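A.B. asks: what follows is a predicted protein model with its sequence.
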Amino acid sequence: MIKLMKTTFALFTALTLASAAFAVEIGKPAPDFTATDINGKTVKLSDYKGKIVVLESYNSDCPFCNNQYKTGAMQELQSDLASKGVVWLLVNSVNPNNSSHRTPDQAKKEMADKKIIATAWIDDNSGAVGHLYGMKTTPHMFVVDKTGTLVYDGAIDNKPDPMHDPRTARNYVREAMDALIAGKPVPVAQTKPYGCGVKYAN
């Protein structure tokens, strides 16, 4: 009986982990969510249906994430995509007890200082959006097409080095955007994200 219970528990655990691993799936509808940005505004993914949306898991204290911003590479990409009508949602899932957490006022200052060009900075200190999408690292990027379908999940580029110049890397998000805007299939739909682990509360 005990052996049967252990086997059942092990199977349940495996299924739970498998389910979590596939929280989002390429080619399927991106999970909708309701969140609050640093200005207290409600943000819903479904409000942007008909537009291409980028989600970025963010923590500027992470060297990998910081490198994208200190070089200006991420802001250049944000600016280019904003000019093409793309929605960019920054998702900060750092829990309030971590030193990397930003209050709304701190986030507003950081956004201005770093010249971040995002449609909204989502204060996801509960980790709800991060867990929903299975955000593992900072950065971890997701691209949603105009129909609300997830078309990219993974790393920002192909150089997992916090010291490299991002402009010399193959940028998967830019490639996905170019393809979508041209009406073509995304060339690389999924890669392994790299960076620092997201500082969830649990």
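C.D. replies: Looks like it arrived, so ask away. Numbering: from 1, shown residues only.

A.B. asks: neighbouring strands of the helix or strand hosting L89 in the sheet, and parallel or not?
C.D. replies: Here L89, judged by DSSP states H and E, is contained in strand 87-92. In the sheet, strand 87-92 lines up against strand 53-57 (parallel), strand 120-123 (parallel) (DSSP bridges).

A.B. asks: residues contacting the helix or strand following the last one, please?
C.D. replies: Under the assignment DSSP H and E, the closest C-terminal helix or strand after strand 120-123 is helix 128-133. Identification of contacts with helix 128-133 by Cβ atoms under 8 Å, 6 or more residues apart in numbering yields 23-24, 31, 33, 35, 55, 57, 91, 93, 122, 124, 135, 142, 198, 200. The C-beta positions use only the backbone N, C-alpha and C, and glycine is treated the same way.

A.B. asks: try 6 Å
C.D. replies: Identification of contacts with helix 128-133 by Cβ atoms under 6 Å, 6 or more residues apart in numbering yields V24, P31, F33, A35, V91, S93, D124, V198.

A.B. asks: could you export that helix as CSV, CA atoms only?
C.D. replies: Provided in CSV are the C-alpha atoms of helix 128-133 (Å, rounded to 0.1, in the frame of the first residue of the first chain):
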residue,chain,number,x,y,z
ALA,A,128,1.5,35.9,-10.9
VAL,A,129,2.4,36.8,-14.5
GLY,A,130,5.9,35.4,-14.2
HIS,A,131,4.6,32.0,-13.0
LEU,A,132,1.8,32.0,-15.6
TYR,A,133,4.4,32.3,-18.4
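
A.B. asks: for the strand holding L89, what is the average pLDDT?
C.D. replies: If you average the pLDDT over strand 87-92, you get 98.

A.B. asks: could you dump the strands paired with strand 87-92 to CSV with mean pLDDT, distance to T71 and mean neighbour count?
C.D. replies: Output for the strands paired with strand 87-92, formatted as CSV (pLDDT from 0 to 100; distance: least, Cβ to Cβ, whole Å; neighbours: other Cβ atoms under 10 Å):
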stretch, mean pLDDT, distance to T71, mean neighbour count
strand 53-57, 98, 16, 25
strand 120-123, 98, 20, 24
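
A.B. asks: quick one on the thing from earlier: show me what the next helix or strand after the strand holding L89 is packed up against.
C.D. replies: On the C-terminal side of strand 87-92, the closest following helix or strand by DSSP H and E is helix 104-113. With contacts defined as 3 or more Cβ pairs under 6 Å, 6 or more residues apart in numbering; DSSP states H and E, helix 104-113 has no helix or strand neighbours.

A.B. asks: now the helices for this structure?
C.D. replies: 2-21, 63-70, 73-82, 104-113, 128-133, 172-181 (DSSP state H).

A.B. asks: and the third one with helix 172-181, angle?
C.D. replies: Right, helix 73-82. 10 degrees (axes from the mean of the first three to the mean of the last three Cα atoms, to 10 degrees).
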